[in-house]
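1. After the sequence you'll find the predicted model.
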Amino acid sequence: MEDISASCVSLNVAASTEKKRTSIIRETLYRQLLATSLAASFNIVFGISLAYSAILNPELGRNTSDIQTTQAERSWVASVLTLAVPVGAPVGGILMDTVGRLNTVKIACVPAVIGWVLIATSSNFWTLIVGRICTGVASVWGTGPAIVYITEIARSDIRGSLISFAPAYTSLGMVLAYIKGWAFGWRLTAWLCGKTLAELQFINLKEANNKKRTMDHHKRGVMGVLGGFLKPTGYKPLLILFGFFIFQQFSGIYITLFYSVEFFDEVGTNINPYLCSIFIGMVRAVMSVVNTYMLKTFRRRPLLIWSSLGMALSMFISGLFTTWIKNGTTTWNWIPVVAVMFYVVASMFGLLSIPWTMTAELFPIEIRAVAHSWIYSGAYLIMFFSVQNYHALEKLCGGVAEVQWFFGVVSMAGLVYAVFFLPETHGSELSEIEDYFRSNTIYLWRKTKTPASRKGSQYSYRKPSGDIVKKNVLKTVTEDTTDQNEKLLSQS
């Protein structure tokens, strides 16, 4: 009878536990969505900053422009934002560990407002450059800490979806930039950005409670942080991510973004290049929303592999039809636009978004802020080099069609790289990712082992006593189903 009584108690407590667990999950999900939406909102202005050169440079290239520039100077206007990021990223990493993730985002509003006001009031090339540098520094201070913050507060099963809020907001900002530039011109667009940032305020969001752990490690000094990069959990993800960003940047994702109006003008389409840019920007925005579902549902490796394949095929087709259009072989001048649209769709769920989502989740908490800033610096240095040398690359390859084929080849190379080196992080706890890098580098030859965080999860059989069952089940509810960061959010 004692066994039967204990079993009844176990069933009743288990049912109550499941109900309480479901309630906790729903409540924390809402709070995590709200916190993520607010923390990532700076990415809207970041998206405008990225796409701004696409609306600014065509205006500067006109003979009627009040600021006369050369093609080389316009290349600097487009690329200098990416060069400013490596300058601001190390400082941003220090700020994250000292004043906190969210306070760093708030501080970013200051150089952003200064930069947009300088751009709006500029009367010469150098004022534009200084303004773009300020917005570049603000971009890394405003977006990097948000990714780290979201990574730290998110549940493992929805971490990818929540992190994808950032690129979704960035895509929305790009669409707004194209629309504002088409409707209002580049000066008024800059004024509107400065006004929006001046009014930007966050509600009382709290830092993730592993901040104390980060601060304690920070007090150990620079050598303590650098020592973290000498461990396999530090240098392995660092090198793997740098490799991914090389393939990402030279696959043309950001080149076609920074030079979108010029790019569509050169491929031979008779559609207004501004309208093409707006349409592609809207596709990016829609796919960013879809991507929140895809990152939650599908594993990272298949997404990136199919993404790279789709990008390569799209660029090969677009380059082929660009050649035929220029030779007069075909009049289907809408094909390159459609091909680029599919190229953008493919990039959004893989090669564009996944490397950025991994910049925070691959590193242990002790070096996460600094590592994130280093990765940002390296990624934007590569972006600067690729964007700055686009016209040189076009001349080297022999034309815009050949450049598209080059993008396709790089995309295929990225596919091979992903097959060998991309770790699968979908649904994994941050501690499990850390365990992976302790003994693995090449994914195809990885060692299969039980993560340390899961060891001891299976309990040996024992006689079910009513008191024991009740005590252990209630302990599971309070300790396992609600982690410390979710408790913190519930107090916000």
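-> Thanks, I have it.

2. Report the contact partners of Ile158.
-> Neighbouring residues of Ile158 by Cβ atoms under 8 Å, 6 or more residues apart in numbering: Leu29, Gln32, Lys296. Quick note: C-beta positions are derived from backbone N, CA and C, even for glycine.

3. JSON lines for those residues, including neighbour count and secondary structure?
-> Listed next are these as JSON lines, based on neighbours: other Cβ atoms under 10 Å; DSSP: H, G, I helix; E, B strand; the rest coil:
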{"residue": "Leu29", "neighbour count": "16", "secondary structure": "helix"}
{"residue": "Gln32", "neighbour count": "21", "secondary structure": "helix"}
{"residue": "Lys296", "neighbour count": "16", "secondary structure": "helix"}
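
4. Closest one of the residues you listed to Ile55?
-> Ranked by distance to Ile55 (Cβ to Cβ), the contacts of Ile158 are led by Lys296 at 33.5 Å.

5. what's near enough to touch that closest one?
-> Asp157, Ile158, Gly160, Ser161.

6. If we use 10 Å, what do you get?
-> The neighbours of Lys296, taking Cβ atoms under 10 Å, 6 or more residues apart in numbering as the test, are Asp157, Ile158, Arg159, Gly160, Ser161, Leu162, Ser164, His426, Gly427.

7. ok, of the residues you listed, which come out buried?
-> Ile158, Arg159, Gly160, Ser161, Leu162, Ser164, His426 (16 or more other Cβ atoms under 10 Å).

8. how close does the second one sit to Ala39?
-> To tie it back to what came earlier, the one meant is Arg159. Distance of Arg159 to Ala39, given as Cβ to Cβ, to the nearest Å: 14 Å.

9. so what sits against both of the two?
-> The contact lists of Arg159 and Ala39 share Ile150, Ile153, where a contact means Cβ under 10 Å, 6+ apart.

10. Tell me if I'm right that Ile433 and Glu424 touch.
-> Yes - using Cβ atoms under 10 Å, Ile433 is in contact with Glu424, at 9.4 Å.

11. of those two, who's got more company?
-> Comparing Ile433 with Glu424 by other Cβ atoms under 10 Å, the one with more neighbours is Ile433, at 21 against 14.

12. what's the helix or strand for that one?
-> helix 430-439 (DSSP states H and E).

13. Would you mind listing the buried residues in that helix?
-> Within helix 430-439, the residues scored as buried using 16+ other Cβ under 10 Å are Leu430, Glu432, Ile433, Glu434, Asp435, Tyr436, Phe437.

14. dump the residue contacts of the last one.
-> It stands for Phe437. If you count contacts by Cβ under 10 Å, 6+ apart, Phe437 has them with Lys231, Pro232, Thr233, Gly234, Tyr235, Lys236, Pro237, Ile240, Leu362, Phe363, Pro364, Pro423.

15. Give me the neighbour count for the second one.
-> Right, the one you point to is Pro232. Around Pro232 there are 14 residues (other Cβ under 10 Å).

16. List the contacts of it.
-> Applying Cβ under 10 Å, 6+ apart, we find Pro232 in contact with Glu434, Tyr436, Phe437, Arg438, Ser439, Asn440, Thr441.

17. Look up phi and psi at the last one.
-> Right, the one you point to is Thr441. The phi/psi pair for Thr441 (degrees, to the nearest 10) reads phi -130, psi -60.

18. hang on, isn't it packed against Thr233?
-> No - between Thr441 and Thr233 there is no contact under Cβ under 10 Å: 11.6 Å.

19. In terms of neighbours, single out the busier of these two.
-> Each of Thr441 and Thr233 has its neighbours counted (other Cβ under 10 Å); Thr233 has more, 21 against 16.

20. For the more buried one, give its distance to Gly144.
-> Computed with Cβ to Cβ, the distance linking Thr233 and Gly144 is 20 Å.

21. so the residue most central in space within the chain is in which element?
-> For the chain, the residue nearest the mean C-alpha position is Trp356 (3.5 Å; Cα atoms, centre = their mean). Element membership for Trp356, per DSSP H and E: helix 353-361.

22. before we move on, the earlier item: select from the contacts of Lys296 every entry located in helices.
-> Counted as lying in helices by DSSP state H, out of the contacts of Lys296, are Arg159, Gly160, Ser161, Leu162.

23. so which one among these has the lowest pLDDT?
-> Among the ones in helices among the contacts of Lys296, Gly160 carries the lowest pLDDT, at 75.

24. which residues touch the closest residue to it other than its chain neighbours?
-> Leaving out its chain neighbours, the residue that sits closest to Gly160 by Cβ to Cβ, 6 or more residues apart in numbering is Leu295, at 3.4 Å. Leu295 sits next to 158-164, 167, 303, 349, 353-354, 357, 426 when contact means Cβ under 10 Å, 6+ apart.

25. Which of the helices or strands spans Leu295?
-> Using DSSP H and E, the element containing Leu295 is helix 273-297.

26. residues of that helix that come out buried?
-> In helix 273-297, counting by 16+ other Cβ under 10 Å, buried: 273-274, 276-285, 287-288, 291-292, 294-296.

27. Which stretches in the stretch 351-492 of the chain count as helices?
-> Along the stretch 351-492 of the chain, the segments classed as helices by DSSP state H, counting those that start in this stretch run 353-361, 368-388, 390-397, 400-421, 430-439, 466-479, 484-490.

28. what's the least confident stretch among those helices?
-> The bottom spot among the helices of the stretch 351-492 of the chain, by mean pLDDT, belongs to helix 466-479, with a mean of 37.

29. can I assume Glu262 is in contact with Glu59?
-> No - between Glu262 and Glu59 there is no contact under Cβ under 10 Å: 11.9 Å.

30. Thanks a lot, catch you later.
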